[in-house]
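Trainee: below is the sequence, then the predicted model.
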Amino acid sequence: MALTPVTPSSTSFTASTTAAAGAVAGLFIGTSQGNAFLGVIIGALLLAVIAFVALQMRDREKAIRWIILAGFALAGFLMGGLSAGIMGALFGWFFGWFIFWIGETRYRATLVPYLTPGQVLWHYGFRVICGAIFVFLITPILVVLPLSFNAQDFFTFTPEMLRLDPEGYSLKHYRDFFTSQDWQLSFRNSVIIAPIATVISVTLGTLAAIGLSQSHVPGRRAIMAILISPMIVPLIISATGMFFFYSQMGQVLENNLGLSKTFVGYVKVVLAHAVLGIPFVIITVTATLVGFDRSLTRAAANMGAGPVTTFFRVQMPLILPGVISGGLFAFITSFDEVVVVLFVGSARQKTLPWQMFTGLREQISPTILAVATILVVISIALLTTVELLRRRSERLRGISPT
Amino acid sequence: MSDTTQSSPVLAADGRPLKHSLNRALRRQKMRALALILPLLAFVLLTFIVPIGQMLFRSVQNDIVQNTLPQTVIAVQSWDANSGEAPDEAAFAALAADFKTAVENKTHTRVGSRLNYETPGISSLFRKAGRKAKRWDLETDGPFKEQFLDIDEDWGDPAIWRTIQKFSPPVTSGYFLNAADMQLGDDGVEFRPENQQIYITLFKRTLFMSMIIMGSCILLGYPVAWLLANLPSAKANVLLILVLLPFWTSLLVRTSAWKVMLQQQGVINDTLVWLGLVGDDARLVMINNQFGTIVAMTHILLPFMILPMYSVMQTIPPTYLRAAKSLGATNWTAFWRVYFPQSVPGIGAGSILVFILAIGYYITPELVGGTKGVFISNRIAFHISSSLNWGLAAALGTILLAAVLILYWAYDKIVGIDNVKLG
Amino acid sequence: MAASTSDDAFVEFERVQKSYDGEMLVVKDLNLTMPKGEFLTMLGPSGSGKTTCLMMLAGFETATHGDIRLGGISINNIPPHKRGIGMVFQNYALFPHMTIAENLSFPLEVRKLGKSEREEKVKRALDMVEMGAFGGRRPAQLSGGQQQRVALARALVFEPELVLMDEPLGALDKQLREKMQFEITHLAHNLGITVVYVTHDQTEALTMSDRVAVFNDGVIQQLAPPDQLYESPENSFVAQFIGENNTLEGQVKEITNGIAVVQLDDGELIDCKPVNVDKPGERTRVSIRPERVEYNKDRLSEGAHTLKAEVLEFIYMGDIFRTRLRVAGNDEFIIKTRNAPDQVRLQPGQQIEIGWLPEDCRALDA
Amino acid sequence: MAASTSDDAFVEFERVQKSYDGEMLVVKDLNLTMPKGEFLTMLGPSGSGKTTCLMMLAGFETATHGDIRLGGISINNIPPHKRGIGMVFQNYALFPHMTIAENLSFPLEVRKLGKSEREEKVKRALDMVEMGAFGGRRPAQLSGGQQQRVALARALVFEPELVLMDEPLGALDKQLREKMQFEITHLAHNLGITVVYVTHDQTEALTMSDRVAVFNDGVIQQLAPPDQLYESPENSFVAQFIGENNTLEGQVKEITNGIAVVQLDDGELIDCKPVNVDKPGERTRVSIRPERVEYNKDRLSEGAHTLKAEVLEFIYMGDIFRTRLRVAGNDEFIIKTRNAPDQVRLQPGQQIEIGWLPEDCRALDA
Amino acid sequence: QDMANEMTIVSWGGAYSTSQQNAYHTPYSENTGVTIINDESSAEAVAKLRAMNEAGNVTWDVVDVVAADAIRLCDEGLALEIDADTQLAAAPDGTSASEDFGELLVSDCFIPQIVYSTTFGYRTDLVGDNPPTEICAVFDTETYPGKRSLEKRAINNMEWALLCDGVAKEDVYDVLETPEGQEQALAKLGTIKDDVIWWSAGADTPQLLADGEVVMGSTYNGRLFSVIEEQKQPVAMLWDAQIFDLDGWIIPAGLSPERQARALDYIMFATDTQRLADQAKWISYGPARASSAPLVGQHADLGIDMAPHMPTDPENAKNTFLYNYEFWADYRDDIEAKFQAWLAK
Ligand SMILES: Nc1ncnc2c1ncn2[C@@H]1O[C@H](COP(=O)(O)OP(=O)(O)OP(=O)(O)O)[C@@H](O)[C@H]1O
Ligand SMILES: Nc1ncnc2c1ncn2[C@@H]1O[C@H](COP(=O)(O)OP(=O)(O)OP(=O)(O)O)[C@@H](O)[C@H]1O
Ligand SMILES: [Mg+2]
Ligand SMILES: [Mg+2]
């Protein structure tokens, strides 16, 4: 919805802005061709001319944009083959859009009319800054993704990869992941341990959070501090400290109850990870409960529902988003935890991070990156699901006052 | 309310103190709340607090000397440490007797390792003496002073005996002193020689670096949180996924990725060189130093900053900015005088969270920190897994934990721990 | 204890006290007896303890002292979900994740009623509040007034004998509010249920209730039918709180034959009905309702006392004219007249004479 | 464009349209001219576009079409902070991290006033709203009413010529609300400022304003002084929305000499004032205010039309009695009488005769 | 209680573990039917063994550790003392085990398995026409500009520093015993401090070399072999003053008699002459028994002769440096503290 009626801006302004953008692009292309300075000059001139010409024929915008795109793609192809052609097409698309975005003052359309040029610049500048920060946030993923297809056994962008030479890429690390006993075992372990640990911390944590959010809890702060403590004790100390407990507990279980060693091993790691996940569940669920309308549980009790019915029929469905997000944090804590499992676990319980850790220490191999890529894909799927769930529950909670 | 000034407690209708009646009335509610908390509390106490407490107790525990060398400890008590000479035969005889039992139990080398932390060389003295002591007959083989000196002349060194004497009590402050770069010198507590001082530097560095990491998280997190809080929620949630995504990528992988980015032959340097901004021989050093640690840790902890900030900013109604503008404030003034002060609790929450987490990290600094970018936790890990000096590790850990607890307390005071939203 | 219960008492509070923090009593000494079928309203300013009383009755708070009985049985030890009391919450408290029909079905499900019986009852309850067509919607898809009706239906569907309502109309606008007031009273009377109703809107209290309990400061100030409350307030809090009220300060001169002569602070003597004053010399606050003051000489009844007054402001309020006068040194003396065809509009500055009957003028505690 | 402005117009909306989503017009075709010093109220149901209009004037929303002028100058291109409009927000929007004095000082600081001058003005403004002693407190430490006064002071302290108020009293209880209404009107008149006031409380609109603009559906339904609005509504929406109203359905028989004869649906013929009807045969909705109906024969003026009625319900409302009657087949016919000393209370079932003057009975669109 | 015929063997993981599995575990399992579980926890072995011992629940049966750690474990009473002559297999020619291992039996609890050396690799494309031939090239930043990687600990680095500061090979430990000597070593290291990337995981130097991030770096010879021969990177190895060290087995103290007997049985099998020689097929570390050396054959996959790649090969061992276990057992904590303090400055 346009807020401001747009009037075309002056051709000279458009041409000079576009020339500046062209100069930047020229710097890149020029450098790659060996002469940065020339690149800047040519880029600026070329785009100034294109912008000038394009604005003379504003009414045929679509056609002009296609022409620019095709021209750039062709130039790229002539200069450096297919990949340069693709780059050229991208540049062409961008400049075609940019010339008209500036030339038709479209950048003003969504802004309120009284902004000064400086404010408009800041508006877009700020978004560019934020974009840069987002790029920073996902940098590792941008690095890991291509490297996981490396044909070599090192974390290095080889010259073949940079040339986009198919030789430089391979799926062997993925193959390695799917065929290696060690990776499969650790993947399976992670997939067993993390969910169970999550279920435990979510169950106990949610109950405790509900207890904590009631009005008369003696020593609430102290209890809270104790429950949060797994997050604030340095991990290495937790790991050693917990080792003793779990070792002794394991012995009791094995000797007195006759449980198998493997089973007890899983129990130990699961419980240790559950403890580490608890602070996250407590924090998120208490935060959700702060906004929980107590009159709903009261209403349920009033209509004759006992505490258990009330919990499962009324409270749980409503705090579910908080519980899920706490659960996801707990899950990740277990799924990405290496120090404690190194101490508490034994070979049978080797998890993915453990395998990655020995991998990084003993034998750097991009298989780790392949695993990471697979996990990123899974987590994108998970996060999307959570977001969809959240939207759904928000719709349901529509009126629930917070 | 009418007479709050009266000193005697308020009475209920039945004449008992009101508090008392109240407690009676609330008992059931309290029990129910506690019943919900209890399983978890017991779980955490049993599997976490108690073991950690025991672990930390090692920072003062020192009964090994007394238990292994009981007679020597008594005999050496009367010896004048400043005499400049080794004690007399009685002490050596006691030591021989203690050694006899210790060797049978194979515990003498353990004491040796313990005392070797204080005076280098004791470990092998004990090991060597142990081999001989196995074959001694206490009745006939004396005098033992000569026997010991035969094994190694160093047994005549008063420094060895001073160490035994100094560390004979069952509780010691030695580890804590060590953790503060001090030692129990001949005339009381003193600083260690300069070339052995490291922990204070590391503590300071840990705090300082955590501050910087916190600071850069604030700088990078604030604009993003602001953007998220001011976009329509559908868009904001998509961007939020970008914030959470790195959170979901293994820490080890992320750290390795930063290596690939930052090293001298890494992506950034390559690009800069390619663009001609940096000479091939003058590539930037961005890793294995403090910068590397800061970049990688900032990246890892940034979501912990953004999320609390975001949840606080979401609660600031846009009317405040409108009000400020209607009162004549420019965009900047309205932001700086009105919006920013109200977002400070979010900054506080994020800061303390990031700070606490940063202080305890060690894997990332180990991988990208070089020598100047490592934290105190790296030393704790070293003493736990490699030097086996758990007493010292526990002392360092206790100090670190105390610092974190103070921060936690401050945090709770300022924002309240239950105000942190993580998603 | 159950023996001391009078036969027709259905809800009883006996010497009930409540404190949240052990320092301050929120409910001080509550004694209240309600027969079956009564519609009782608790009215009072914010923080006076109304919700607290309701919560104790419903079982969500525990009295620190005293006894609450329902049908003669002490309910102190019955958990809330076994009390069988219907409740309408201020914000409706409809379960947002269930449809309307599911909401209504919930109390029947936990009572383990069969499916067909449940559907039958839900349908009847929805029809009763004219929401039959909305069973499949979710609460968020209803307007405030519709939600309110659903909340009402839900509180009634399991046929409780006692229903509690905590400011159920607080959020509605005037039109809807009046409509709902009407519907609630009619439903309650038709079904013969006992209702405890909480509000801080006095008009609501006066129009709906059989009896009104005026709360202040944890104590019931007066418990009486609406007209009695309005026309014979027992103390100046009630007089001030209920309706608009003019007060004049003065001193009792003498009391004879149930008529007190009060000397106002500007010297004028007037006749009043003594309510809270016993002996001459006492300070008193004389209270007169704005609508009981007449300035139209023709309509002034005989024996009415008259005073001079100056018109300060004329306020047009649609159905009513509100005129502010200066009377006996009081600048805030209000009179209300109906916007009737024959009514004159007073002009600021005009000098008039006003009057009222001695029985409409009550001498209360100062 | 500025040339077309009439001389005394201070705020002007000219053919203003607004849409948020590009699909639905929230404000449809707004034309409004306000002279300097006027107190204008926008009244209308929820969602009718009142806040939107205010926001466009203040500059927080942009009109999608049309022109808004302030003092003859189009303000489309002036950023909000340069419009010099004072604004009181619905939730006060006091800056929680500043003290009261700092809140008030803020607009002066951004205008770069000297320190002593600022302090002087802040003090004067606080004294004006009788909050002089609270300068050092923070908003959270004040009650709602006090906060409201501070918000008012803050909107006035930099002496704007135009002040906008968006439901500033929405959250207050009745007593405080009436007090604040009084204070706001007095301040506005004393300082001579122009006020645009938004509310959905009709009593508020009627008592405070010079003129009231009734909004519905993005269109001004009627713009008139309060008494005119109440007594001569121009369409049935306004009649229904403002005050209580009795309607009887019927058909116009004839119109002569400004008197319409309406045949009600049960056959009865009555005389009315034609407002929205032009010709015989049209369906019409006849509207009579409850307080204009009289059943006391002595008071019925000559020429009044009378009808038979049956009392259905008597509702005690304190200062007023509200009686529901069955009149001409309509069960919801209300009459209001003042709880005056000589007033009789009607009993359900009683048969009475009611009457009103033809000029109080208005034939509107059906 | 006893686990049904299975034992947990702890090692380092990676290629090294693979070589052990091929040379020892698989044949042993085939012979005896014992299931072997591989645990890759050797890096944490010392700490975990102590914790297990204190908790009274030792879950490992045989642990692969470096000699220095074995000494520490032995001192702490965490490892079982083993009599080489009675509990280990004699050489095929009848030489007793203690003689066959010779002076490599550096602790009563330790059965050496391989000899490895810590040495330097360098990028052949970054050193020009003048490839380094001796250890002191590490300290020569003029001739060999660029970063070098060293392990982040005192051991080895201190010795090399003294050697390159003019101390005679046989005096190194005498000098290092004195505070002055320690200062001297640190001062020498100080000359290249700014040019060093310190590593702590064995995989670091190969990665750094492959990236060209360092021009030379210290690491274990087996890893360099892999970088050069398996990964075909432009890297070469420097055989000079490489430091001989040992890696081998210990059996944790406190096992039940059955488990202990089985562990001993495994050890006896896994450290016999043929087995030790077999391991060299998969990794270029030298067998610890003198009698195994002649049996070393070809690489299992690459098919190249392994003998010339062994640290024990006479051609490679012309100028080696022998690690002094006794010395480091006594001075490790002290010198390490100083070294770390120096690093942190
Ligand atoms: N859970 C609680 N803990 C402590 N004090 C409370 C609690 N609930 C209410 N109070 C206090 O008790 C007093 C009475 O509260 P109550 O809710 O009963 O008032 P109310 O009459 O319902 O008022 P309102 O009309 O505002 O709802 C108030 O002073 C209030 O602050
Ligand atoms: N920011 C917005 N985006 C989209 N639609 C909006 C927005 N603000 C208001 N609306 C819609 O515009 C219409 C008019 O809203 P407006 O706030 O002006 O009503 P109002 O008259 O102030 O109502 P109320 O009395 O409830 O405050 C409503 O239908 C509302 O849903
Ligand atoms: Mg209440
Ligand atoms: Mg509004």
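Mentor: Received it, and whenever you're ready, just let me know what you need. Ligands and ions are numbered 1, 2, ... in the order given.

Trainee: quick one, strands of chain B?
Mentor: Per DSSP state E, chain B carries strands over the ranges B:182-185, B:188-191.

Trainee: with mean neighbour count added, can I get these in a markdown table?
Mentor: In this view, the C-beta of every residue, glycine as well, is placed from N, C-alpha and C. Output for the strands of chain B, formatted as a markdown table (neighbours: other Cβ atoms under 10 Å in any protein chain shown):
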| stretch | mean neighbour count |
| --- | --- |
| strand B:182-185 | 16 |
| strand B:188-191 | 11 |
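
Trainee: right, so of those strands, which gets closest to ligand 2?
Mentor: Closest of the strands of chain B to ligand 2 is strand B:182-185, at 64.5 Å (criterion: Cβ to the nearest ligand atom).

Trainee: walk me through the domains of chain C.
Mentor: As assigned by automatic domain parsing, chain C contains the domains C:9-236, C:244-365.

Trainee: pick the most buried one from the ones you listed.
Mentor: domain C:9-236 (a mean of 19; mean count of other Cβ atoms under 10 Å in any protein chain shown).

Trainee: between the two ends of that domain, how far is it?
Mentor: End-to-end distance for domain C:9-236: 30 Å, by Cα to Cα, to the nearest Å.

Trainee: cool, and stretch A:145-164?
Mentor: End-to-end distance (Cα to Cα), stretch A:145-164: 14 Å.

Trainee: what's the answer for stretch E:286-300, then?
Mentor: First residue to last in stretch E:286-300 (Cα to Cα) measures 15 Å.

Trainee: contacts for that stretch?
Mentor: E:22, E:91-93, E:95, E:100-102, E:104, E:112-116, E:229, E:246, E:248, E:271, E:273-274, E:276-277, E:279-282, E:304-307, E:310-313 (Cβ atoms under 8 Å, 6 or more residues apart in numbering or on different chains).

Trainee: quick one: the helices in the stretch 201-345 of chain E?
Mentor: E:204-211, E:221-225, E:257-270, E:273-279, E:325-344 (DSSP state H, counting those that start in this stretch).

Trainee: cool, chain C as well?
Mentor: C:50-58, C:100-110, C:115-128, C:144-156, C:174-191, C:202-208, C:226-231, C:236-241 (DSSP state H).

Trainee: wait, which of the ones you listed is closest to residue D:229?
Mentor: helix C:174-191 (16.5 Å; Cβ to Cβ).

Trainee: if we can go back for a sec, okay, the domains of chain C in TSV with mean pLDDT next?
Mentor: Putting the domains of chain C into TSV (pLDDT from 0 to 100) gives the following:
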stretch	mean pLDDT
domain C:9-236	87
domain C:244-365	85
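
Trainee: pull up the gap between the residue nearest to residue C:38 when sequence neighbours are not counted and residue C:49, please.
Mentor: In space, and not counting its chain neighbours, residue C:38 is closest to residue C:210: 5.1 Å by Cβ to Cβ, 6 or more residues apart in numbering or on different chains. Residue C:210 is 21 Å from residue C:49, where distance means Cβ to Cβ, to the nearest Å.

Trainee: can you check the pLDDT for residue B:4?
Mentor: With respect to pLDDT, residue B:4 scores 41.

Trainee: chain neighbours aside, what residue packs nearest to the residue in the stretch 101-250 of chain E that ligand 1 sits nearest to?
Mentor: Using Cβ to the nearest ligand atom, residue E:200 is the residue of the stretch 101-250 of chain E that sits closest to ligand 1, at 56.6 Å. The shortest distance from residue E:200 to any non-neighbouring residue, by Cβ to Cβ, 6+ apart, is to residue E:152 (4.8 Å).

Trainee: ok, that neighbour - contacts?
Mentor: B:371, E:198, E:199, E:200, E:343.

Trainee: most surrounded residue in those residues?
Mentor: Among the contacts of residue E:152, residue E:199 has the most neighbours (other Cβ atoms under 10 Å in any protein chain shown), with 22 neighbours.

Trainee: tell me the phi and psi of it?
Mentor: phi -110, psi 160 (degrees, to the nearest 10).

Trainee: where's the residue nearest to residue C:38 relative to chain E, distance?
Mentor: Remark: distance between residue C:210 and chain E (Cβ to the nearest Cβ, to the nearest Å) = 74 Å.

Trainee: repeat for residue A:134
Mentor: 28 Å.

Trainee: which non-adjacent residue is nearest that residue?
Mentor: Using Cβ to Cβ, 6+ apart and skipping the chain neighbours, the partner closest in space to residue A:134 is residue B:242 (5.2 Å).

Trainee: correct me if wrong: the one you found contacts residue A:137.
Mentor: Yes - using Cβ atoms under 8 Å, residue B:242 is in contact with residue A:137, at 6.1 Å.

Trainee: of the two, which one has the most company?
Mentor: Neighbour totals were compared for residue B:242 and residue A:137, and residue A:137 leads with 22 against 18 (other Cβ under 10 Å).

Trainee: got the contact list for the more buried one?
Mentor: Here residue A:137 is in contact with B:242, B:243, B:245, B:246, B:299, B:302, B:303 (Cβ under 8 Å, 6+ apart).

Trainee: now do residue A:44
Mentor: Residue A:44 neighbours (Cβ under 8 Å, 6+ apart): A:19, A:20, A:22, A:23, A:26.

Trainee: return the distance of the closest residue to chain C within chain E relative to residue C:260.
Mentor: Chain C sits closest to residue E:55 of chain E, with a gap of 46.2 Å, by Cβ to the nearest Cβ. From residue E:55 across to residue C:260, the span is 91 Å (Cβ to Cβ).

Trainee: and for residue 344, the neighbour number?
Mentor: Went with chain A since none was named. By other Cβ under 10 Å, 26 other residues sit near residue A:344.

Trainee: that's the other chain; I wanted chain E
Mentor: Other residues lying near residue E:344 total 16 when counted by other Cβ under 10 Å.

Trainee: I'd like the average pLDDT over the one helix or strand residue A:392 maps to.
Mentor: Here residue A:392 sits within helix A:367-397, counting by DSSP states H and E. Mean pLDDT, taken over the full extent of helix A:367-397, equals 81.

Trainee: just checking, what packs against that helix?
Mentor: helix A:117-147, helix A:172-179, helix A:181-212, helix A:316-335, helix A:352-362, helix B:233-247, helix B:251-262 (3 or more Cβ pairs under 8 Å, 6 or more residues apart in numbering or on different chains; DSSP states H and E).

Trainee: wait, isn't residue E:191 in contact with residue E:139?
Mentor: Yes - between residue E:191 and residue E:139 there is a contact at 6.2 Å, judged by Cβ under 8 Å.

Trainee: more neighbours, those two?
Mentor: Set side by side, residue E:191 and residue E:139 show more neighbours around residue E:139, with 19 against 14, by other Cβ under 10 Å.

Trainee: would you mind measuring from the more buried one to residue E:209?
Mentor: Distance, residue E:139 to residue E:209, using Cβ to Cβ: 19 Å.

Trainee: for residue C:167, what are its contacts?
Mentor: For residue C:167, the contact set (Cβ under 8 Å, 6+ apart) comprises C:90, C:198, C:199, C:200.
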